[in-house]
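Student: What follows is a predicted structure for the sequence shown.
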Amino acid sequence: MFWLGGTELAGAARSLIVLERGRSVATYVMHATDAILFGVVLIIFAYAIAFGFVIDLSLEARQGLPAWMHVESVSHLKQALIEVILVYMVVDVATDWAEAEGHLEWSSLVKPVSIILIAGALRLLNRPGDGAVRSP
């Protein structure tokens with residue numbers, strides 16, 4: 001994913017230098033952001049799963065880890081996954097809208113509405129007093 005993001009950024013630089021017709025610089029940059037963000041998400045979850053469930057660390061070593069690597073349960077991991085998916089979906093919507101360049105149809109509202117619904121469901125799961133796991 002990082003390689004794909006790098007090639008998209010190279011395409012953005014090339015379109016600035018050559019001033020080619022086709023995709024705009026913003027579209028290249030949004031695609032690069034989309035790809036790099038997805039790569040970061042994959043790395044975060046690989047580390048969270050590895051240090052949360054696979055590798056048994058001592059208490060001192062576990063306290064030295066960043067907060068996002070502290071996974072208490074599968075429920076906590078699922079909640080973090082939903083939060084990251086929401087961020088990824090927002091970037092994806094922005095990428096789609098940058099690519100459309102003003103030619104949007106009503107069906108382009110499906111993703112933003114789904115983002116709002118998923119965020120609302122996550123908010124309901126995080127209500128105070130319900131015993132849910134809170135993200136740091």
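Tutor: Here it is on my side, so go on.

Student: which residue sits closest to residue 9, ignoring its sequence neighbours?
Tutor: Here the nearest residue to residue 9 in space, its sequence neighbours aside, is residue 32; by C-beta to C-beta, 6 or more residues apart in numbering that works out to 4.6 Å. In this view, the C-beta of every residue, glycine as well, is placed from N, C-alpha and C.

Student: hang on, the one you found packs against residue 6?
Tutor: Yes. Using C-beta atoms under 8 Å, residue 32 makes contact with residue 6 at a distance of 7.5 Å.

Student: So for these two, which residue has more residues nearby?
Tutor: It is residue 32, of residue 32 and residue 6, that has more neighbours when counted by other C-beta atoms under 10 Å, with 21 against 13.

Student: any residues touching stretch 58-70, and which ones?
Tutor: Residues outside stretch 58-70 that contact it (C-beta atoms under 8 Å, 6 or more residues apart in numbering) are 44, 47, 48, 51, 52, 57, 80, 136.

Student: Which among the residues you listed count as buried?
Tutor: By neighbour count, with 16 or more other C-beta atoms under 10 Å, the contacts of stretch 58-70 hold 44, 47, 48, 51, 52, 80 as buried.

Student: per-residue pLDDT, the residue nearest the centre of the chain?
Tutor: When the chain is reduced to its mean C-alpha position, the closest residue under C-alpha atoms, centre = their mean turns out to be residue 88, at 3.2 Å. Per-residue pLDDT puts residue 88 at 84.

Student: gap between it and residue 116?
Tutor: Residue 88 sits 15 Å away from residue 116, going by C-beta to C-beta, to the nearest Å.

Student: pLDDT below threshold where in this protein?
Tutor: By pLDDT under 70, the weakly predicted segments of the chain are 20-22, 68, 101, 127-136.

Student: So which residue of it lies furthest out from the middle?
Tutor: residue 18 (31.4 Å).

Student: how near is that one to residue 5?
Tutor: From residue 18 across to residue 5, the span is 20 Å (C-beta to C-beta).

Student: Let me see the contact set for residue 30.
Tutor: Residue 30 makes contact with 91, 94, 95, 98, 99 under the criterion C-beta under 8 Å, 6+ apart.

Student: Please verify my assumption that residue 91 contacts residue 36.
Tutor: No. Contact between residue 91 and residue 36 fails when scored by C-beta under 8 Å: they sit 9.7 Å apart.
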